[in-house]
Structure formats: structure tokens, C-alpha cells
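S.K.: predicted model and sequence follow; I will ask about them next.
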Amino acid sequence: MVLAIHNIKSNFSLYQTAIAGGAAGAFTRAVAQPLDVLKIRFQLQLEPLKNGSKYSSIMQATTSIIKEEGIGALWSGHIPAQFLSITFGVIQFSTFEKLTYMYQRSDPQYYNIHKHWINFVNGAVAAAVATVVSYPFDTVRTRLIAEEKRHKVYKGFFDASATMIRQEGFTALFKGLVPTLGQIAPNAGIQFAVYKLFSNNILNRIKFFQRSDVDMFRTIETSLLGNLLAGSLAGLVAKTAIYPFDLVKKRLQIQGFQQHRKCFGRQMYCNGVMHCVKLTITEEGFLALYKGYGPSMLKAVLTSALHFAVYDEIKSLLLKIHQ
């Protein structure tokens, strides 16, 4: 990231921001999709994580999915997941950069004094907007991941979307939106704030993490390695803070779909956020709110690192081309 960003922001258009954000989302999704599949399978399992349960560990779950459903099952729901990531990335980064630029232009002194809180708020707002727009893709890909591949319910993304709307109504595409917004706003806010803190204020002051080349504006940028490290830390902190919201969201997204998942074990029937939380804690214990935390944390660290780093690399490249 750039230390003296006020000098170059005007040269980076909203269109370029959208390209960088979309590309970062697409690349990250392609790499991390298997971890997302594992996370969701664990989140939807009601039985305790132990020997004899459908899934008991990351390695056992991976082996079981490949053996029973084929290696392609690790990329279940990849098409809607790509639509989700690209749409989310374009809107999130474009909105964040636009809000940040507006703060910098309107009151530079105020921005410099309160930039960490501003980054948190801007990140939260940008993610909330991106979530509402892209949410149907998230619901559809969850259904595609949740189904058992030997007895498919849907033929693909478009069939799943049409079937859900026809059988459950258009609002079915937005099941779990409330807990999603409850997690995504603070999650993104924490990610942006932590990432900017490390990339703009800590790592770029350490010579080992500085880029060797300095641009025409004499700005000091964090290297690719520095951005990866900053992104990893951002993902780790943010995901740990909001994880239970993610679990509740996934369980709400499959309400009305339980009859197609009986081969995976017991199913939960709940009618809202608080009811889902209550049932989870009552029937499975408080720690059940962190089921799937292992693959989810691996995914969070990987995706956050790649998302921010790839975005900044593409942005840096576009800026050099533009200059």
C-alpha cells in the first residue's frame, strides 16, 4: 500500500479500481474455494467433531469428499462463487476508494488524525453495500455446496436460482442476510483497518518490507511480501471476531433444503437468527458456534492476504501504465 496516497489517488480512476477489485476477487476465489467447501460442510454438520461423525477433521473431510463425490466437489458452487467474488470485489474496493478519496479531499487534516477509524467505517460501509448486491450468489453457492453430489438437486447455478425462486419465492435468495450484514460490516471494517495499519504505518517503515523501486511521487510502498503479511493478519483478526455470525448465516441459508441433506446426518430447523443461535448452543454447546473454524481460518488468512495483495499489485501496475 502507499504511504503518501493523497498524491496519486486522483490518477487512479473508479474504473481502474473496479478492474483491480474484480480481478483480485476472481483470483482469490479460484485458489481458496476448496477451503470454503470444507468450512461450509463443517458448519452445517450438527454432530460433534469426532471419529464416527461424517466429518471429523480437515484431512478426513477432504479425503471423504474426494472419495465419495470426486475431486470436483471441492469446487462445488464455483460459478456462483466467482460471480459473488467478482461482484463483491468490484463494489467493495470501488466504494472504499471513493469514500476514502472524498474524506481526503474534504478534510485532509481530519483524515490524517482519524484515518484508522475512517478506514474501519469506510470498509464496513463498502462491504455492506457489496453484500446486499451480491448476496443471492452466496445463497445459491451455499445450496450447491450443501447438496450431496451423488444425488444432485440442482443442475447448476441457473437451475438452482430458478428452482429456489419458483419453490420458495424470491426472498429465498436473501435467507441469512441479517446475520451476514452483522458479520460482514465489522469483518470488512476490521480487515481494512488492520491491513492499512500494517501496510501504511508499520511494515512500510521496515526496509525488508519496502519495495525496491520508488515512484515519481517519492512514495514508500510495502512490498508484495509485506502486503501478504498485512493481509494475513487482517484476515486472522477479523475472522476470529465475527465467526459465529458466519455459521448462523450458513445454517439459515439451507432452511427449506434439509430434506436433501439427510445423508449428512441430523438437520437443524430454525426460523431466525436468535432461534438458530439458541438451538446451536442448546443442542451442540457454545463451541459449536465455531465449527469449521480450522478451514475457515486457513481460508481467511489465505483469501485476505491474496485479496489485498493482488488488488494492490494490479493497482500499482495500472498506475505505472497510466503514468
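M.R.: Ah, there it is.
S.K.: where does pLDDT dip in the chain?
M.R.: 1-12, 51-52, 212-220, 322-323 (pLDDT under 70).
S.K.: hey, which helix is longest across it?
M.R.: Secondary structure of the chain read by DSSP state H shows that its longest helix is helix 108-146.
S.K.: name the helices or strands packed onto that one?
M.R.: Counting by 3 or more Cβ pairs under 8 Å, 6 or more residues apart in numbering; DSSP states H and E, the packing neighbours recorded for helix 108-146 are helix 14-43, helix 78-106, helix 157-168, helix 177-196, helix 224-253. (C-beta placed from N, C-alpha, C; glycine too.)
S.K.: quick one: that helix to helix 78-106, angle?
M.R.: Compare the direction of helix 108-146 with that of helix 78-106 by axes from the mean of the first three to the mean of the last three Cα atoms, to 10 degrees and you get 170 degrees.
S.K.: just how off-centre is helix 108-146 within its chain?
M.R.: 9 Å (Cα atoms, centre = their mean, to the nearest Å).
S.K.: please renumber the chain so that the first residue is 56 from this point on.
M.R.: All set: I'll call the first residue 56, so the last point we hit is now helix 163-201.
S.K.: relative to V249, how far out is A185?
M.R.: A185 sits at a distance of 19 Å from V249 (criterion: Cβ to Cβ, to the nearest Å).
S.K.: ugh, wrong one, G311
M.R.: In this structure, G311 lies at 37 Å from V249, with Cβ to Cβ as the measure.
S.K.: more neighbours, those two?
M.R.: For the pair G311 and V249, the greater number of neighbours falls to V249 (23 against 15), based on other Cβ atoms under 10 Å.
S.K.: which residues lie in contact with the more buried one in this structure?
M.R.: By Cβ atoms under 8 Å, 6 or more residues apart in numbering, the contact set of V249 is 285, 288-289, 292-293.
S.K.: picking that back up, turn the helices and strands packed on helix 163-201 into JSON lines, columns for distance to L361.
M.R.: What follows is those, written out as JSON lines (distance: least, Cβ to Cβ, whole Å):
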{"stretch": "helix 69-98", "distance to L361": "4"}
{"stretch": "helix 133-161", "distance to L361": "11"}
{"stretch": "helix 212-223", "distance to L361": "23"}
{"stretch": "helix 232-251", "distance to L361": "12"}
{"stretch": "helix 279-308", "distance to L361": "7"}
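S.K.: right, and those helices - which one's nearest F192?
M.R.: Distance to F192, taken as Cβ to Cβ, is lowest for helix 133-161 among those, at 3.7 Å.
S.K.: what residues sit buried inside the closest one?
M.R.: 133-152, 154-156, 158-159 (16 or more other Cβ atoms under 10 Å).
S.K.: rewinding a little: select only the buried ones of the contacts of V249 in ChimeraX?
M.R.: Of the contacts of V249, the buried ones can be selected in ChimeraX as follows, counting by 16+ other Cβ under 10 Å:
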select :285,288,289,292,293
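S.K.: of all the contacts of V249, which comes closest to A243?
M.R.: For the contacts of V249, with A243 as the reference and Cβ to Cβ as the criterion, the closest is A293, at 7.5 Å.
S.K.: state the distance from that closest one to I168.
M.R.: Taking Cβ to Cβ as the measure, A293 falls 24 Å from I168.
S.K.: surely E102 is in a helix?
M.R.: No - the assignment for E102 (DSSP: H, G, I helix; E, B strand; the rest coil) gives coil, which keeps it out of a helix.
S.K.: spit out the contact partners of A364.
M.R.: Contact analysis of A364 by Cβ under 8 Å, 6+ apart lists 279, 282-283, 286.
S.K.: could you find the closest non-adjacent residue to F312?
M.R.: Computed as Cβ to Cβ, 6 or more residues apart in numbering, the closest residue to F312 that is not its neighbour in sequence is R198, at 6.0 Å.
S.K.: what count of nearby residues applies to that neighbour?
M.R.: The number of residues packed near R198 is 26, by other Cβ under 10 Å.
S.K.: that one reaches M219, doesn't it?
M.R.: Yes - in this structure R198 lies within contact range of M219 using Cβ atoms under 8 Å: 7.1 Å.
S.K.: quick one, phi/psi of M323?
M.R.: Reported as degrees, to the nearest 10, the phi and psi values for M323 are phi -100, psi 140.
S.K.: what about it, how many residues nearby?
M.R.: Other residues within reach of M323 by the criterion other Cβ under 10 Å amount to 17.
S.K.: cool, and A73?
M.R.: Applying other Cβ under 10 Å, we find 17 residues neighbouring A73.
S.K.: fine by me, thanks again.
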